[in-house]
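Chemist: A predicted structure for the sequence below; I have some questions about it.
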Amino acid sequence: MSSTIHMDMALIATANILPKDKMHEVFMTCVSELNGRVVNNVLEINGETLGTLTFNDRIILSFSSDYPSTKRTDMRNLIRDVFTRRANIAHKDYLYHLEQDKKAIESSNAVADEIRRSLIQIEKEQKKSEIAMQRQEMSECEALKAELMDAAVAQGYEVTEEKTEQGIQLQFVRREY
């Protein structure tokens with residue numbers, strides 16, 4: 001079973017080629033170039049009514065039934081070709097602006113990441129400085145013990161502390177697994 005469908009419409013602009021407002025603007029420029037106008041979504045070129053336009057995600061021209069079929073094909077091709085030529089330029093410009101926006105966002109994200117890293121580093125420095133000030137206020141022996149223990153742990157040693165009659169004894173053990 002087969003069937004034939006005659007469609008008295010033309011797809012002038014495909015969906016998502018440009019933002020709706022820009023697509024409409026480019027189409028209206030094409031209409032002006034073809035010496036036409038759009039009144040209440042009815043397209044007229046050189047004073048002849050071609051049909052009704054549907055502007056949504058795409059632009060569709062529905063030809064009026066009294067418009068000759070041989071001219072329909074010619075007008076369909078002419079309007080679509082003019083629009084495609086202009087849309088191609090607008091599309092390249094649109095993609096360029098999208099790429100610029102993308103780069104700006106990526107750049108701002110990189111800056112934000114750098115700021116985050118700097119803030120983390122500053123917080124570490126603040127914490128180290130606070131600990132150092134607390135040690136500074138300790139006795140010399142306690143401060144030295146704390147310094148030795150921190151340095152040993154940073155180097156991968158375990159530190160055990162024993163109090164003896166002579167004072168404090170530290171034992172440094174390196175565990176390797």
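Modeler: Good, I have the coordinates.

Chemist: For the rest of this, base every contact and every neighbour count on C-alpha atoms.
Modeler: Will do.

Chemist: and Ile45, what does it touch?
Modeler: Val31, Leu34, Asn35, Gly36, Arg37 (C-alpha atoms under 8 Å, 6 or more residues apart in numbering).

Chemist: now do 10 Å
Modeler: Taking C-alpha atoms under 10 Å, 6 or more residues apart in numbering, we find Ile45 in contact with Val31, Ser32, Glu33, Leu34, Asn35, Gly36, Arg37, Val38, Met75.

Chemist: now do Met28
Modeler: Taking C-alpha under 10 Å, 6+ apart as the test, what Met28 contacts is Lys22, Leu34, Gly36, Arg37, Val38, Phe83.

Chemist: Ser62 - how many residues pack around it?
Modeler: 18 (other C-alpha atoms under 10 Å).

Chemist: ok, so what distance separates the residue nearest to the spatial centre of the chain from Asn109?
Modeler: The centroid of the chain falls nearest to Lys102 when counting by C-alpha atoms, centre = their mean (5.1 Å). Lys102 sits 10 Å away from Asn109, going by C-alpha to C-alpha, to the nearest Å.

Chemist: again, but for Ile60
Modeler: Per C-alpha to C-alpha, Ile60 is found 41 Å from Asn109.

Chemist: Tyr94 against Asn16, yeah?
Modeler: No. Taking contacts as C-alpha atoms under 10 Å, Tyr94 lies outside contact range of Asn16: 11.4 Å.

Chemist: next SSE after the biggest helix by length in the chain?
Modeler: Taking DSSP state H as the criterion, the chain has its longest helix at helix 69-136. Going down the chain from helix 69-136, the next helix or strand is helix 140-154, by DSSP states H and E.

Chemist: if you average pLDDT over that following helix, what comes out?
Modeler: Mean pLDDT, computed over helix 140-154, is 84.

Chemist: Show me the contact partners of the next helix or strand after that helix.
Modeler: Remark: after helix 140-154, the chain's next helix or strand is strand 157-164, criterion DSSP H and E. Applying C-alpha under 10 Å, 6+ apart, the contact partners of strand 157-164 are 145, 148-153, 168-176.

Chemist: again, only using 6 Å
Modeler: With C-alpha atoms under 6 Å, 6 or more residues apart in numbering as the test, strand 157-164 has contacts from Ile168, Gln169, Leu170, Gln171, Phe172, Val173, Arg174.

Chemist: who's the third one bridged to?
Modeler: What that stands for is Leu170. Counting by DSSP bridges, Leu170 is bridged to Glu161.

Chemist: Alright, I will stop here.
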